[in-house]
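Novice: Model the structure of this input:
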Amino acid sequence: MSPTALSAGPEHGHVTFLGAGPGDPGLLTLRAVEALAHADVLVAEHEVLDVVRQHARQGVSEVHTDTDPSQDPAPGTGAPQLTVVDGTSTTAAVPVVRDAAHLVMEAARGGRRVVRAVSGDPGLDTYAAEEMLACAAAGVPFEVVPGIASAVGVPAYAGVPLRDAQGADVRFVDARTASDRCWTEVGASDGTVVVSTTLDSVAAAAGELVSAGRKPDTPMTVTVAGTTTRQRTWSATLGTIAQTLKQLKVLPSPEGGRPVIAVVGERSAAAQRDQLAWFESKPMFGWKVLVPRTKEQAASLSDQLRSYGAVPHEVPTIAVEPPRTPQQMERAVKGLVTGRYEWIAFTSVNAVKAVREKFEEYGLDARAFAGIKVAAVGEQTAKALIAFGVKPDLVPSGEQSAAGLLEDWPPYDPVFDPIDRVFLPRADIATETLVAGLIELGWEVDDVTAYRTVRASPPPAETREAIKGGGFDAVLFTSSSTVRNLVGIAGKPHNVTVIACIGPATAKTAEEHGLRVDVMAPEPSVHKLAEALADFGAKRRVAAVEAGDPVTRPSERRPGARRRRSTT
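Specialist: Have a look, this model is predicted:
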């Protein structure tokens, strides 16, 4: 999209000034998600672009800052320079020497629905206020969708309530713009002070409060990257914060210019943070976990890992391709329509996808399953069928595997079953367990290759280096093939990386490749595997706390440190 394209169309559009919150994408409001889904143009600062982009509709045009967040101009010097990119294009960004207000107005005058996303809450953003005034002056309709302010959201995630039962007074100060009079007023108060500052200016802000009358022994917490999995919080006092940060080697830091939230006050619950720090105490907080599965398979697993505080990194190890000879699949699908089968058994989400694609090719839909009993090997496969419009008749009540499916599968009965044949669409490398079991139960089986699994292309070089160099804290192996394929396309994970396997067979394959297995799922389920890894992380955290050691991620271990074998 070129800058001139913004001005095409009707005279007036609409602008939504949207608060993206302090950083956690889960803190967006329902109204914010709705506005993003209908936006034609998205205007956002660099630090919130990833938060809002995932909710924008496909093809939305984006306008975002083209500056390093740590190099933002000082207040009052004008808005940062912007870049315009086309959401449907991969071409390079086009620099635009205009401020955000000009671009927002131009887009709105072009009849577009514009979303202007800012960090925190729009009501606390200086530039957003100026842009609202510009809209009002020009008669451009606009609305404001509030967001969670960083000064409120970050302390909540750090486990620092701002008020207690006595209802302490709470003051908010932006140290970057605070006047001497402001410091004097908050210094004279005995309430809680929430200071927005930068990491390299924390000590100066603490000094201002002491000079204004606060006692040097007043508790203080400092949080950087609040509400994200990079969050870190340090506790000290106004008089010791500078020395504390120095001892912990926090300063100097590459993030020295990054915004932080500091909470100061006797009744700010800083002393109780060990009990209230719910976010940073998650079992795998900040862990970078490698998920070597296809993107479709990894989605629910990644969501579960995020709930434990982890940062999942999905690396496909297999790719799915059509069978080399599609005629067998075509005959089987036609047999579904003509009544050849009593049952169809799906053993994977990919099998559902393969049949669905073949249906669409022939102009069929879920109604073609009328009169046919449908089986699914597990919950994820069942969900894929339901999304297709088919409710499975049989899902294993116990183990979600071919063996579990056979335990619940009824034997063939010529009195009640008019047809004795089962259609089994599956991968080219599937085992014979289900086929043999069905034959033993008296069924005839059409065992059809519905898709082929091939080794995926290698991941980017930086991912390969992270795998081999210890950049990942853990890796989840959900089958023997994921072990073989990951090692084949990316190399062997570093010895500090926690290895988690879904079962004994997968663990044996991992050990054959020189990997030491730390975690094993109690049953062959990807969600049980994630739970087992979270339990491992929780025990590791407790052990560090009880020993008086700092809680670190596995990737932060000392170079060359030996890893204990611990299989759970």
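Novice: what stretches of this protein score poorly on pLDDT?
Specialist: For the chain, the stretches flagged by pLDDT under 70 are 1-12, 64-99, 165, 167, 251-257, 267-271, 294-298, 429-431, 557-568.
Novice: residues in contact with the most far-flung residue of it relative to its centre?
Specialist: Ranked by distance from the centre of the chain (C-alpha atoms, centre = their mean), the top residue is V415, with 52.4 Å. Taking C-beta atoms under 8 Å, 6 or more residues apart in numbering as the definition of contact, V415 has no neighbours. Every C-beta, even on glycine, is put in place using the N, C-alpha and C of the backbone.
Novice: Three-state assignment for it, please.
Specialist: Secondary structure, DSSP: H, G, I helix; E, B strand; the rest coil: V415 is coil.
Novice: swap in the one 4 residues further on?
Specialist: Judged by three-state DSSP, the three-state class of I419 is coil.
Novice: need the contact list for the closest residue to it other than its chain neighbours.
Specialist: Closest residue to I419 apart from its sequence neighbours, by C-beta to C-beta, 6 or more residues apart in numbering: E342 at 4.0 Å. E342 is in contact with I372, K373, D417, P418, I419, D420, R421, V422, W443, counting by C-beta under 8 Å, 6+ apart.
Novice: for E280, same thing?
Specialist: Under the criterion of C-beta under 8 Å, 6+ apart, the contact list for E280 reads A158, G159, Q231, R232, T233, G309.
Novice: neighbour-wise, which of those residues leads?
Specialist: Neighbour tally across those (other C-beta atoms under 10 Å): the maximum, 28 neighbours, falls on A158.
Novice: Which helix runs longest in the chain?
Specialist: Of all the segments assigned as helix in the chain under DSSP state H, the longest by residue count is helix 526-546.
Novice: list the buried ones in that helix?
Specialist: Within helix 526-546, the residues scored as buried using 16 or more other C-beta atoms under 10 Å are V526, K528, L529, A530, E531, A532, L533, A534, F536, G537, R540, R541.
Novice: so can I have TSV of those residues showing distance to P323?
Specialist: What follows is the buried residues of helix 526-546, written out as TSV (distance: C-beta to C-beta, whole Å):
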residue	distance to P323
V526	26
K528	32
L529	30
A530	32
E531	36
A532	35
L533	35
A534	38
F536	40
G537	41
R540	45
R541	47
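Novice: I figured A205 was touching V195, is that so?
Specialist: Yes. At 5.2 Å, A205 and V195 qualify as touching, with contact defined as C-beta atoms under 8 Å.
Novice: Mutual contacts of those two, please.
Specialist: A175, A262.
Novice: who's in contact with the longest strand anywhere in the chain?
Specialist: With residue count as the measure and DSSP state E as the assignment, the chain has strand 444-455 as its longest strand. The list of residues contacting strand 444-455 from outside it, by C-beta under 8 Å, 6+ apart, reads 317-325, 328-329, 332, 335, 340-341, 350-351, 353-355, 420-429, 435, 438-439, 481, 485, 488-489.
Novice: Next, give phi and psi for the residue farthest from the centre of the chain.
Specialist: Here is the backbone geometry of V415 (degrees, to the nearest 10): phi -80, psi -40.
Novice: gap between it and G309?
Specialist: As judged by C-beta to C-beta, to the nearest Å, V415 and G309 stand 56 Å apart.
Novice: gap between stretch 395-414 and the chain center?
Specialist: Computed by C-alpha atoms, centre = their mean, to the nearest Å, the separation of stretch 395-414 from the middle of its chain amounts to 35 Å.
Novice: Pull the number of nearby residues for A188.
Specialist: By other C-beta under 10 Å, the burial measure for A188, its neighbour count, is 10.
Novice: May I have whichever strand or helix holds A510 as CSV, with CA atoms only?
Specialist: When secondary structure is defined using DSSP states H and E, the element that contains A510 is helix 504-512. Only the C-alpha atoms of helix 504-512 are listed here, as CSV (Å, rounded to 0.1, in the frame of the first residue of the first chain):
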residue,chain,number,x,y,z
PRO,A,504,8.4,-45.8,26.3
ALA,A,505,8.8,-46.4,22.6
THR,A,506,9.5,-42.7,22.0
ALA,A,507,11.9,-42.6,25.0
LYS,A,508,13.8,-45.6,23.6
THR,A,509,14.2,-43.9,20.3
ALA,A,510,15.4,-40.7,22.0
GLU,A,511,18.0,-42.6,24.0
GLU,A,512,19.2,-44.4,20.8
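Novice: Please name every helix or strand in contact with it.
Specialist: Using 3 or more C-beta pairs under 8 Å, 6 or more residues apart in numbering; DSSP states H and E as the contact criterion, the neighbours of helix 504-512 among helices and strands are strand 474-477, helix 480-490, strand 498-501.
Novice: so how far is the first one off the chain centroid?
Specialist: Spelled out, that is strand 474-477. Per C-alpha atoms, centre = their mean, the displacement of strand 474-477 from the mean C-alpha position of its chain is 17 Å.
Novice: Show me what that strand is packed against.
Specialist: The helices and strands touching strand 474-477, judged by 3+ C-beta pairs under 8 Å, 6+ apart, are strand 288-291, helix 480-490, strand 498-501, helix 504-512, helix 526-546.
Novice: how about the helices of the stretch 1-150 of the chain, start to end?
Specialist: If DSSP state H, counting those that start in this stretch is used as the criterion, the helices of the stretch 1-150 of the chain fall at 30-37, 46-53, 100-109, 126-138, 150-158.
Novice: Quick check: which of these is nearest to S211?
Specialist: Across these, the minimum distance to S211, taken as C-beta to C-beta, is reached by helix 150-158, at 22.1 Å.
Novice: Return the distance of that closest one from the chain's centre.
Specialist: Using C-alpha atoms, centre = their mean, we find the averaged C-alpha position of helix 150-158 to lie 20 Å away from the chain's own average C-alpha position.
Novice: In CSV: the helices and strands packed on strand 474-477, plus distance to H313.
Specialist: Conversion of these to CSV gives the following (distance: least, C-beta to C-beta, whole Å):
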stretch, distance to H313
strand 288-291, 5
helix 480-490, 12
strand 498-501, 14
helix 504-512, 19
helix 526-546, 14
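Novice: so which of those comes closest to V118?
Specialist: Smallest distance to V118 across those (C-beta to C-beta): 28.5 Å, for strand 288-291.
Novice: Dump stretch 444-454 to PDB, keeping only the CA atoms.
Specialist: As requested, the backbone C-alpha atoms of stretch 444-454 are provided in PDB (Å, rounded to 0.1, in the frame of the first residue of the first chain):
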ATOM      1  CA  GLU A 444     -13.200 -57.000   6.500                       C
ATOM      2  CA  VAL A 445     -10.900 -53.900   6.200                       C
ATOM      3  CA  ASP A 446     -10.200 -51.600   3.200                       C
ATOM      4  CA  ASP A 447      -6.800 -50.300   4.400                       C
ATOM      5  CA  VAL A 448      -6.300 -47.200   2.300                       C
ATOM      6  CA  THR A 449      -3.400 -44.800   2.100                       C
ATOM      7  CA  ALA A 450      -5.100 -41.400   2.400                       C
ATOM      8  CA  TYR A 451      -1.900 -39.400   2.700                       C
ATOM      9  CA  ARG A 452       1.900 -39.700   2.900                       C
ATOM     10  CA  THR A 453       4.100 -38.300   5.600                       C
ATOM     11  CA  VAL A 454       7.500 -37.000   4.500                       C
END
